[in-house]
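Peer 1: build me a model from this:
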Amino acid sequence: MLQCIHMDPIAKIGTKKLLRVVGLVAFCTLLGGSIFYHYTERLSWVDSFYFSTVTLATVGYGDIVPRTNTGKIFTIFYILGGIGIIVAFANILVRRAGERAVEKAKKRKEEKANK
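Peer 2: Okay, the predicted model is just below:
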């Protein structure tokens, strides 16, 4: 009989280190999109970073849109890949915050017990 062993990658690596790695990947994704939109769509640096952030946050105000076919095609793949990266980062961020809250509660409990 085959047994499936589930290994949590976060538990193996640690949320602190994983948060840094995924955070860097998320930042590089935003930076890469910003560079692309700055040169391809001729947006200012602020507008290109704004558009990259709004796009990956799935807000999509519609105030800035890609005008070139290259920009439209890039945006399709940028959204498909980038949203997963941003969601993973948010997930790990929330998980880490929960871990820190538990650690603080345990520490307070231990300090109370030692008094």
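Peer 1: drop to CA atoms for contacts and neighbour counts, all remaining ones
Peer 2: Will do.
Peer 1: who are the packing partners of whichever strand or helix holds residue 48?
Peer 2: Assigned by DSSP states H and E, residue 48 belongs to helix 45-56. Judged by 3 or more Cα pairs under 8 Å, 6 or more residues apart in numbering; DSSP states H and E, the packing partners of helix 45-56 are helix 15-40, helix 69-114.
Peer 1: hang on, residue 37 packs against residue 46?
Peer 2: No - judged on Cα atoms under 8 Å, residue 37 makes no contact with residue 46 at a distance of 10.5 Å.
Peer 1: who's more crowded, those two?
Peer 2: residue 37 (23 against 11; other Cα atoms under 10 Å).
Peer 1: check what pLDDT the more buried one gets.
Peer 2: pLDDT for residue 37: 98.
Peer 1: for the record, mean pLDDT for stretch 41-52?
Peer 2: For stretch 41-52, the mean pLDDT works out to 97.
Peer 1: any residues touching the helix holding residue 48, and which ones?
Peer 2: Under the criterion Cα atoms under 8 Å, 6 or more residues apart in numbering, residues 30-31, 33-35, 37-38, 60-61, 64, 78-79, 82-83, 86 lie in contact with helix 45-56.
Peer 1: buried set for that helix?
Peer 2: 48-49, 51-53, 55-56 (16 or more other Cα atoms under 10 Å).
Peer 1: take those and write them to CSV, including distance to residue 110.
Peer 2: Below are the buried residues of helix 45-56 laid out as CSV (distance: Cα to Cα, whole Å):
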residue, distance to residue 110
48, 49
49, 46
51, 48
52, 45
53, 42
55, 45
56, 42
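Peer 1: out of these, who's nearest residue 90?
Peer 2: residue 56 (12.1 Å; Cα to Cα).
Peer 1: now do the closest residue to the closest one other than its chain neighbours against residue 54, distance only.
Peer 2: Distances taken as Cα to Cα, 6 or more residues apart in numbering place residue 83 nearest to residue 56, at 5.2 Å, with adjacent residues excluded. Residue 83 is 11 Å from residue 54, where distance means Cα to Cα, to the nearest Å.
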